[in-house]
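# Everything below, folded, please.
(chains A and B)
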Amino acid sequence: MKKYLSLIAVAVMLTACNTNGSNSGSTDCSCIPEYDRSTLSILTPTGAPALAFYNYAGNAKFETNSAPATISGQMAAGSKDVIVLPTNAGVKAIVDNKAPYQLAATITFGNFYIASLNNDDNQVMDENDTILLFQKNNVPDKIFHYVYGDQFNNAIHYAADVSAVAQAAISGKYSDPDTGTEYVPNYVMIAEPALTNVMSKKNTVSVYADVQAKYKEKSNDQALFQASVFIKTDVNKLTATSFLESLNKDIEDAIANPTKLSAGMSQEVSAAEVYGVAPQMAENVLKKNNGMGLGFKYARGNKAAVETFLKLFNIEGLNEEIYF
Amino acid sequence: MRKFISNKYTLFSLGIIFVIGLWFIISAFFDVNGAIFPSPILTLQSLGNILTKGQTYSSLGFTFLRMIIGFTISFVLALAFGMIAGNWPKMYHFFRPLMTVLKSVPTVAFVFVLVVLTNAREAPILVVLIVCFPILYEAVVGGFRNVEKEIVEASKVDGANSVKSAFHIKLPLAVPYIVVGMVSSFGLSFKIAIMSEALTGATKNGIGSSIQYAYSQMEMADVFAYSLLVIILMLIVTLLEDVVKQIAKKKGIVIDNNK
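The predicted model follows:
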């Protein structure tokens, strides 16, 4: 009798919780409990992805890190319940290192821009210019080549990271660490909030192109699924779902009202260091047409866009189980 | 006049003026808008600014705390291993491969391994421990090995076994060597803690994290200011090291940690 009763109870619960796949795979369920922000341990890189967690300021279970390699290592070790990483890096950790996580949702949809130093005579980026990119063979480089192809290959030089690009944009020169040769860049690929920071320090720098928009044009209106939330496989599904719903709402709130973002971040004494962006700067960039590219889309409901992005890194034929 | 110029304090002061002058010249040639190599003036302004922030002191405090924890554990382990190796020469040869590995592996490799095994906040403690351990170990072993044989033989005649001799005769006599080893590695441990904090990418409570953040914001003057703050602290430690070495010299102890 007890066995039948429990079967009926499970059936009732399953009927009550209907999965809504229409809006990007989210779970619209009245039985999802409200998420307690101190439940899951979270690790995210500083910068744009960290801003999604503005309501977690001062939370002992929320941690940020400025070295993506460290986060990948923690993911392989399975040390946190929730990890945020560039989508390609997270999926690679799951596929190659058997990291015990699933791809749940994307929260950053690109914050890359081509900035002009306004020292180019014809004001058009071409193969005769000097273009400075960063992180060779990594996300910015792959996206640039996806958008522009190989036409500028002879004009491209690489800096190690976005800070080095910003430094070059401010100083107006870049010294190649391998050859020691000094270049005067005409255009740089840069990410927010570094772009706003550079523009506040050097007023001759201006936005030449929005890389996200170009990516969309090239990929039949697909968004750039840049940084995603990965959830550990042993996390209770209901808890994970309530966390994702809560995160979705936090992001929507911040986009609608950027002052909420800075107010939330300011609860942390070392907000600028923890988030990698000062609260006021984050608010200003978000106000600039969501310059950080914040958003929320479930991965399962947007497989085509996820796979288009992953294809840039030669990651194809993903197993269905990789999706939350 | 000649005496004044050859005075070590005068030379030290001239050395400082030389360094600042060199700094001014490099800055004048290479810096653009304070983004590459800020001048001493810009750096001092920034130093004044960061010294007014409470966060600087808490960062400094946390870095010190990590360093002290790592250093203390390292010292305790080095004392134990060093006493064993110093008292029983065969054990010295047994521990030698381990010490060679610890001394030879690049610190950065330790950082990357430890950050995965532990986490970004604890890894610097372990890095300090691993880097300082062989140095302190050698200091303890060196101290034990420099105890005159006659004293050890005399203690044996008086009925002391090797354990008693280690604790009651060799250890007290090795103290000056151990202290010099401690002072030398203390300064190093501070630098290692800061470097590890920056490399692990930990974003909170640490001078290394503050330097990393300042760099990410292209605030090179802040990077220089934090470095200047560390240099001042290191200078104090160096002066302390000199005092200890002078005391050791007065007591007729020749310091050679590689012995």
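
# tell me the domain ranges of chain A?
Each domain of chain A is listed here as a residue range: A:20-109+A:223-322, A:112-218, per automatic domain parsing.

# Among these, show me which one is buried the most.
Here the criterion is mean neighbour count by mean count of other Cβ atoms under 10 Å in any protein chain shown, and of the domains of chain A the winner is domain A:20-109+A:223-322, at a mean of 20. All C-beta atoms are positioned from the backbone trio N, CA, C, and that covers glycine.

# Quick one: mean pLDDT for that one?
Mean per-residue pLDDT for domain A:20-109+A:223-322: 90.

# The chain: helices as residue ranges?
All of this is about chain A. Taking DSSP state H, the helices of chain A run over residues A:2-16, A:48-51, A:68-77, A:87-97, A:139-148, A:162-171, A:194-201, A:211-218, A:237-256, A:258-265, A:271-275, A:279-287, A:303-311.

# wrong one, chain B
Using DSSP H, helices in chain B cover B:2-6, B:8-30, B:40-51, B:54-87, B:89-104, B:107-117, B:123-145, B:149-157, B:162-165, B:171-200, B:207-216, B:220-250.

# Among these, which comes closest to chain A?
helix B:107-117 (3.7 Å; Cβ to the nearest Cβ).

# That closest one versus helix B:89-104: what angle between them?
For helix B:107-117 against helix B:89-104, the angle by axes from the mean of the first three to the mean of the last three Cα atoms, to 10 degrees is 90 degrees.

# between helix B:107-117 and helix A:68-77, how big is the angle?
Using the same axes, to 10 degrees: helix B:107-117 against helix A:68-77 is 40 degrees.

# Helix B:107-117 vs chain A: in contact?
Yes. On the criterion Cβ under 8 Å from any Cβ of the partner chain, helix B:107-117 is in touch with chain A at B:112, B:115-117.

# What subset of these is buried?
Buried members of these, scored by 16 or more other Cβ atoms under 10 Å in any protein chain shown, are B:112, B:115-116.

# Tell me the residues of the stretch 51-200 of chain A that contact chain B?
A:63-71, A:73-74, A:76-77, A:79, A:162-163, A:166-167, A:170-173, A:194, A:197-198.

# Quick one, which of the helices of chain A gets closest to B:Ser59.
Taking Cβ to Cβ, helix A:271-275 is the member of these nearest to B:Ser59, at 8.5 Å.

# how many neighbours does the residue lying closest to B:Val128 once chain neighbours are set aside have?
For B:Val128, ignoring the flanking residues on the chain, the nearest one in space by Cβ to Cβ, 6 or more residues apart in numbering or on different chains is B:Gly70 at 3.0 Å. B:Gly70 has 25 neighbours, counted by other Cβ atoms under 10 Å in any protein chain shown.

# B:Phe133 is in contact with B:Gly70, correct?
No. Using Cβ atoms under 8 Å, B:Gly70 makes no contact with B:Phe133, being 9.4 Å away.

# Show the contacting residues for the closest residue to chain B within the stretch 51-200 of chain A.
When scored by Cβ to the nearest Cβ, the stretch 51-200 of chain A has A:Ala67 as its residue closest to chain B, at 2.8 Å. When contacts are counted by Cβ atoms under 8 Å, 6 or more residues apart in numbering or on different chains, A:Ala67 touches B:120, B:199-201.

# let's go with 6 Å and repeat that
If you count contacts by Cβ atoms under 6 Å, 6 or more residues apart in numbering or on different chains, A:Ala67 has them with B:Gly201.

# same check, this time on the one 10 residues further on
For A:Ala77, the contact set (Cβ under 6 Å, 6+ apart) comprises B:Val116.

# Try it again at 10 Å.
A:97, A:99-100, B:115-119 (Cβ atoms under 10 Å, 6 or more residues apart in numbering or on different chains).

# what stretches of the stretch 51-200 of chain B score poorly on pLDDT?
Across the stretch 51-200 of chain B, nothing is flagged by pLDDT under 70.

# does A:Asn319 really touch A:Lys98, like I thought?
No. The pair A:Asn319 and A:Lys98 fails to qualify as a contact (Cβ atoms under 10 Å) at a distance of 11.8 Å.

# Just the CA atoms of stretch A:120-127, as CSV, please.
The C-alpha trace of stretch A:120-127 is given here as CSV (Å, rounded to 0.1, in the frame of the first residue of the first chain):
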residue,chain,number,x,y,z
ASP,A,120,44.5,56.0,-39.1
ASP,A,121,44.4,58.4,-42.2
ASN,A,122,41.5,56.7,-44.0
GLN,A,123,39.7,55.8,-40.7
VAL,A,124,38.9,52.3,-42.1
MET,A,125,40.4,49.2,-40.6
ASP,A,126,42.3,47.5,-43.4
GLU,A,127,45.4,45.2,-43.9
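
# Out of the domains of chain A, which is closest to B:Glu219?
Of those, nearest to B:Glu219 by Cβ to Cβ is domain A:112-218, at 9.2 Å.

# burial measure for B:Lys8, as a count.
B:Lys8 has 7 nearby residues by other Cβ under 10 Å.

# so who does residue 147 touch?
I'll assume chain A. A:112, A:114, A:189, A:209, A:211-219, A:224.

# my bad, chain B
Contacts of B:Val147 by Cβ under 10 Å, 6+ apart are B:86-87, B:155, B:165-166, B:169-174, B:177.

# So A:Ala160 versus A:Gln167, what's the distance?
Noted for A:Ala160: a distance of 10 Å to A:Gln167, by Cβ to Cβ, to the nearest Å.

# Please apply the same query to B:Val223.
11 Å.

# what sits in contact with each of these two?
B:Tyr215.

# Contacts only, for B:Phe133.
Contacts of B:Phe133 by Cβ under 10 Å, 6+ apart are B:70-71, B:73-78, B:81-82, B:98-99, B:102-103, B:185.
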